[in-house]
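Asker: Show me the folded form of this:
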Amino acid sequence: MMLKWNGDAAMDALQTKLRQRMGNATSVVQQDVIGSISRSGPRPAGGPPGTRSGRLRESIDSSVSSSPSAVTGTVSAGAWYARNVELGFFGRGKDGQVISVAPRPFLEPALQRNLQKVLSILKE
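Answerer: Numbering: from 1, shown residues only. Predicted coordinates for the structure are as follows:
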């Protein structure tokens, strides 16, 4: 009787399945982020941002990467000012004027709103 090791093929199949699920999960969060950014202009501090030009909404992206030991999903905002919108900002402008921008989080709240759905997708 001869035994054949299929561990490598099984791990490849598992990682492919996990990448697909992670892609589905990041897509759910990405769509929520995009939907939370109002098209009707600026909003009050503390809630999700509004949009003036649409660049922030258009910069929302998701990706999946993997290594032999992990599959990682990322939802990000590529607009140069996205971090300042999410976390707020206090500093000085080029002219030395003090600038204070209250946070208008949009990434973290979208993940929190969809956490159970994401976990469900990953467990399928």
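
Asker: Could you report the neighbour count for residue 111?
Answerer: Counted with other C-beta atoms under 10 Å, the neighbours of residue 111 add up to 15. All C-beta atoms are positioned from the backbone trio N, CA, C, and that covers glycine.

Asker: confidence score at it?
Answerer: pLDDT for residue 111: 97.

Asker: Can you classify it by secondary structure?
Answerer: helix (DSSP: H, G, I helix; E, B strand; the rest coil).

Asker: residues in contact with the nearest residue to it once chain neighbours are set aside?
Answerer: Counting by C-beta to C-beta, 6 or more residues apart in numbering, residue 111 lies nearest to residue 29, which is 5.6 Å off, once chain neighbours are set aside. Residues near residue 29 by C-beta atoms under 8 Å, 6 or more residues apart in numbering: 62, 75, 110, 111, 114, 118.

Asker: Can you flag the buried ones in these?
Answerer: If you count burial by 16 or more other C-beta atoms under 10 Å, the buried members of the contacts of residue 29 come out as 62, 75, 110, 114, 118.

Asker: Please, which helix or strand holds the fourth one?
Answerer: Meaning residue 114. Per DSSP states H and E, residue 114 falls inside helix 107-123.

Asker: Tell me what the residue nearest in space to the middle of the chain is bridged to.
Answerer: Nearest to the mean C-alpha position of the chain, by C-alpha atoms, centre = their mean, lies residue 75 at 2.0 Å. Residues in a beta bridge with residue 75, per DSSP bridges, are residue 62.

Asker: dump the residue contacts of it.
Answerer: 26, 29, 30, 33, 60, 61, 62, 107, 110, 111.

Asker: One more pass at 6 Å, please.
Answerer: 26, 29, 30, 62 (C-beta atoms under 6 Å, 6 or more residues apart in numbering).

Asker: quick revisit: which of the contacts of residue 29 sits closest to residue 7?
Answerer: residue 118 (28.4 Å; C-beta to C-beta).
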